[in-house]
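> Predicted structure and sequence below. I'll ask about it afterward.
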Amino acid sequence: MSQLPQLPAPPPKNDGASDGGSTRRYPHIGPGPLLLSRSEVDELYDLSADLFAALDELSVPYVLIAGSLLGAVRQQSILFNDDDVDIAILDERDEYERLRRLLPDVLARKAKERTVAEAAEAKATASGGGGMRRMARPNKAPVQYLFKHRPWPGCDRVKSSLQSRVWIDVFVMKRYETLDNLLETISSKENGQDQPKDYVDAIAQAISACDATFPLYHFDNRKAIELWPREYLLPDELHPIRTSCNFGPLTSVAGPATPVRALFRWFGEDCFTHYVKAAEHTRSKKGKQDTTSWEAGEKVALTDDLYLPVQHSRRTRRVWTQHSRQRLEEYVLANAIGPTNSVAPKNDGLSFVPVEAQNSTERSNWFGAAVRRSTNDAPDEPNFDDANLRSIMEPHLAKARLKREQGLRQIFNDGVREGRPLLATPSISNNVGVPYPAIRAERPFLYDTDTFPLDRLLADIIGVGDLSLVHEHAIKEKRMLLFPLLDKSNRERLHACYQNFVTKFVIPLLHSIALSQNIFQTTSGDEASSSITYRFQQFPCIRIVRPGEFSIGPHSDIAYGHSIGNINFHIPLTPSFGTNALFTESHPGKEDWHPLRSKSPGLGYVFDGARCLHFALENTTDRTRASIDFRIAITRCKNGVPIDEQQIDDALCSAGILDDRFSSEGPGYYEEARINMATAGPVVVKKNSLLKGQDVLTPPDRRVGFPFA
């Protein structure tokens, strides 16, 4: 879900009754729940945290739905007038059957871990002395989680032994290609007999009244569809799933990409200005669900304080927020029309906004679309000498040049400000201070695809025979297509092959090129001072550009905060030709645009992507281009620390050059390998993990756009 603006809020004063009136060190607890006690709210949050973690561990996709999704948008928490949590499992790859088998055991383990953690926390709190304010006492009884399969026909349910009146309803949603497919689900009774035609027609009419278009995602059972016929999600509302929803103390909850339009359909256009007084589920008739509709309930206007999140009662669990009515109004206005009309959904670090979800007016202004119109949809590489085409490209190129210049100036100014000159001048035409210019030149190289079967591994994980035909896959949403990469066992097969490729082939190749260019000026018998360190991207960026898609316009990597010391590697995993290829210039500022072609896997490219402008076009060929990209920088370390500017004795990266936006956010983006220059004989590459010194496959994160760069 497109996350509302979140900035660190300074702790306000006037703590209020909840914290004794002193200067507040914790966020306000928020409005009081109408249907639940504070302890029940706490248990819903704690139960949700463990259930969501279990689903992530099992790689089962889910999203918040119903009142919980409304709460995540309107209050960034559980609704103050709600009494449960609703989620939907997306069952596109038989995830649900696997979930039923595995979830009870995972939840049992989560419950034990929570019991141990709370006992340790209680012990630490008790030993804090009388001067410490006591925190909420953890329950002494062990926590138990219970997963019930269909306690009523509409959904499954997860409950905690600590609070019997609250639970999480786990629905299942599936994709229906046509209305007839959906009608098959609701047309039969449990005994196999046909439902009355009037019953089926009434549900179909309720769905059609919302101007529903197919395909769409709806519940997998008749009862849930009957009760909530309008609570479906269109593909461009659902995908790409957002993994950054705020939900009380939880800040990485999954939700639909563009929820506003769906919430209007589910609850009406006043769902962000009014709330409904409804009975809690436990007070409804035994064995029945409370089906009070939004329209039928008594509506009350929301006051400003009711837009604040309902926080956890334990102050250390609360999350600072600047959420307010005004911020919600800005968000709703920006997203109300939806991706198929005039406002495109906002992107976030982990997500990919598919081409089909972008609005046609905005797409017409994209670089790729502009070039496509100029070339009349020709699949061949354009003639960049054409004056008309150059005039169309120029505004985009001018913007990219400016951002590159700003990136260079930022590097230059950082060095001047810190008294450690990094570049001689902030000019793209000057190589003084730029690390190893002699080996940055574009060059192709061959590798053995049997030793490093990157293309076959990715195809096997996705479930296709030919990556270049991935656009013919039955699953069209890229988020779901690449979802198997979120499974650890799947991902680590590709990850291990990639790291072997980098450490056993690419780095030795780059090292031999550097030796041939006399880049390393000194050697020493001391391994610590004679080690050349190669800092490489620990997980690659994965690019999937299907016919009709466009990935990125002209840019240089330093404009995005990458180190100027990085050298780029582009590895096509499919034939790369015509408009599906990556285009670049051979030297910074030369602008001799050309594609990085490949007839088959086994050919890769080195190029100066940090400084050279490069771009993709809208793919007008009949083949998907799949590729991986990564970056490597070279430095000399002493005792594990990059040598600084005053000590460095060759044209390698200094500590200041290595420091970029991606390394400053902490470990996880880069990995290191070391070659000892003092060792005679074969080159020895030693991995040297940046994360706790462990030789592990660090999980990728949003900085590589994982897994949908």
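Perfect, thanks for sending it.

> now whichever helix or strand residue 165 is part of: how far from the chain's centre is it?
Using DSSP states H and E, residue 165 maps to strand 163-176. Distance of strand 163-176 from the chain centroid (Cα atoms, centre = their mean, to the nearest Å) equals 24 Å.

> swap in stretch 157-169?
On Cα atoms, centre = their mean, the centre of stretch 157-169 falls 29 Å from that of its chain.

> Begin at 50, not 1, for the rest of this chat.
In the new numbering, first residue 50, that becomes stretch 206-218.

> Need the residues that contact that stretch.
If you take Cβ atoms under 8 Å, 6 or more residues apart in numbering as the criterion, stretch 206-218 is touched by 85, 88-89, 92-93, 95-97, 100, 132-136, 156, 188, 190-197, 200, 203-205, 219, 329, 331. All C-beta spots, glycine's among them, are computed from the backbone N, C-alpha and C.

> ok, now with 7 Å
Residues outside stretch 206-218 that contact it (Cβ atoms under 7 Å, 6 or more residues apart in numbering): 85, 88-89, 92-93, 96-97, 100, 132-136, 188, 192-197, 200, 204, 219, 331.

> Quick check on the residues you listed: which are buried?
The neighbour-count test (16 or more other Cβ atoms under 10 Å) marks 85, 89, 92-93, 96-97, 100, 132-136, 188, 192, 194, 196, 204, 219 as buried among these.

> From the residues you listed, which land in strands?
134-136, 194, 196, 204, 219 (DSSP state E).

> Tell me which two of those residues sit farthest apart.
For those, the farthest-apart pair by Cβ to Cβ is 135 and 194; their separation is 17.3 Å.

> hmm, back to that, which member of the ones in strands among the buried ones among the contacts of stretch 206-218 is positioned nearest residue 280?
residue 135 (9.6 Å).

> can you pull the contacts of the closest one?
114-117, 218, 220.

> neighbour-wise, which of these leads?
The member of the contacts of residue 135 that has the most neighbours, counting by other Cβ atoms under 10 Å, is residue 117 with 27 neighbours.

> where does the stretch 550-699 of the chain dip in pLDDT?
For the stretch 550-699 of the chain, the stretches with pLDDT under 70 are 570-579, 687-699.

> what is residue 592 paired to in the beta sheet?
Beta-bridge partners for residue 592, by DSSP bridges, are residue 676.

> shouldn't it be in contact with residue 676?
Yes: using Cβ atoms under 7 Å, residue 592 makes contact with residue 676 at a distance of 4.7 Å.

> Following element in sequence after the strand holding residue 214, please.
helix 228-235.

> Could you check the angle that next one makes with strand 212-225?
Interaxial angle, helix 228-235 versus strand 212-225 (axes from the mean of the first three to the mean of the last three Cα atoms, to 10 degrees): 140 degrees.

> and helix 228-235, how far out from the chain's middle?
Relative to where its chain is centred, helix 228-235 has its mean C-alpha point 33 Å off (Cα atoms, centre = their mean).

> Quick check: mean pLDDT of the very next helix or strand once past it?
Next helix or strand after helix 228-235 toward the C-terminus (DSSP H and E): helix 246-257. Confidence for helix 246-257, expressed as mean pLDDT, is 90.

> Now do helix 246-257 and strand 212-225, the angle between them.
Angle, helix 246-257 to strand 212-225, by the same axes, to 10 degrees: 90 degrees.

> got the contact list for helix 246-257?
Under the contact criterion Cβ under 7 Å, 6+ apart, helix 246-257 has outside partners 228, 232, 235-236, 274-275, 278-279.

> Could I get the average pLDDT for the helix or strand that comes right after that helix?
The helix or strand immediately downstream of helix 246-257 is strand 265-268, counting by DSSP H and E. Average pLDDT, strand 265-268: 96.

> who are the neighbours of strand 265-268, in terms of helices and strands?
Packed against strand 265-268 by the contact rule (3 or more Cβ pairs under 7 Å, 6 or more residues apart in numbering; DSSP states H and E) you find strand 212-225.

> Mind listing the strands the strand it packs on pairs with, and their directions?
Sheet pairing of strand 212-225 (DSSP bridges) gives strand 134-139 (parallel), strand 204-209 (antiparallel), strand 265-268 (antiparallel).

> CA atoms of the second one as CSV?
Meaning strand 204-209. Taking C-alpha atoms only, strand 204-209 is exported to CSV below (Å, rounded to 0.1, in the frame of the first residue of the first chain):
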residue,chain,number,x,y,z
CYS,A,204,-12.8,-18.0,6.4
ASP,A,205,-10.2,-19.5,8.8
ARG,A,206,-9.4,-18.0,12.1
VAL,A,207,-6.3,-17.5,14.3
LYS,A,208,-6.8,-16.9,18.0
SER,A,209,-4.6,-16.5,21.1
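
> And the average pLDDT for it is what?
Per-region confidence: strand 204-209 scores 96 on mean pLDDT.

> beta partners of residue 268?
Here residue 268, judged by DSSP bridges, has bridge partners residue 222.

> Next up, the contacts around it.
Contacts of residue 268 by Cβ under 7 Å, 6+ apart are 220-222, 274.

> secondary structure element for residue 433?
Per DSSP H and E, there is no helix or strand for residue 433.

> Please report how far it lies from residue 640.
8 Å (Cβ to Cβ, to the nearest Å).

> Give the buried residues for stretch 289-300.
For stretch 289-300, by 16+ other Cβ under 10 Å, it's 289-299.

> can I get the ones in strands among the buried ones among the contacts of stretch 206-218 in JSON lines with distance to residue 726?
Below are those laid out as JSON lines (distance: Cβ to Cβ, whole Å):
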{"residue": "134", "distance to residue 726": "58"}
{"residue": "135", "distance to residue 726": "61"}
{"residue": "136", "distance to residue 726": "55"}
{"residue": "194", "distance to residue 726": "56"}
{"residue": "196", "distance to residue 726": "58"}
{"residue": "204", "distance to residue 726": "63"}
{"residue": "219", "distance to residue 726": "58"}
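
> What ranges does the stretch 250-399 of the chain have for its helices?
Remark: helices assigned in the stretch 250-399 of the chain by DSSP state H, counting those that start in this stretch are 271-276, 284-287, 308-316, 374-384.

> Can I get these in a markdown table including mean pLDDT and mean neighbour count?
Formatted as a markdown table, the helices of the stretch 250-399 of the chain follow (pLDDT from 0 to 100; neighbours: other Cβ atoms under 10 Å):
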| stretch | mean pLDDT | mean neighbour count |
| --- | --- | --- |
| helix 271-276 | 94 | 19 |
| helix 284-287 | 90 | 24 |
| helix 308-316 | 91 | 22 |
| helix 374-384 | 78 | 16 |
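
> Could you check those and tell me which one is nearest residue 558?
helix 284-287 (42.6 Å).

> Might you quantify the distance of that closest one from its chain's geometric centre?
16 Å.

> Could you do stretch 112-119 as well?
19 Å.

> Repeat that for stretch 659-667.
Distance, centroid of stretch 659-667 to centroid of chain: 23 Å (Cα atoms, centre = their mean).

> May I have the distance across that stretch, first residue to last?
End-to-end span of stretch 659-667 (Cα to Cα, to the nearest Å): 23 Å.

> quick one: residue 623 and residue 518 touch, right?
No: counting by Cβ under 7 Å, residue 623 does not reach residue 518; the two are 9.0 Å apart.

> Neighbour count: those two, which is higher?
Set residue 623 next to residue 518 and count neighbours by other Cβ under 10 Å: residue 623 wins out with 24 against 15.

> what bits of the stretch 100-249 of the chain have low per-residue confidence?
Using pLDDT under 70, the flagged stretches of the stretch 100-249 of the chain are 174-189.

> what do you get if the cut-off is 80, keeping everything else the same?
Residues of the stretch 100-249 of the chain that meet the criterion pLDDT under 80 lie in 142, 170-189.

> returning to what we had before: filter the buried residues of stretch 289-300 down to the ones in strands?
Per DSSP E, those map to strands at 291-296, 299.

> on that earlier part again, who has more neighbours, residue 592 and residue 676?
Each of residue 592 and residue 676 has its neighbours counted (other Cβ under 10 Å); residue 676 has more, 29 against 21.

> If anything else comes up later, I'll come back, but that's it for now.
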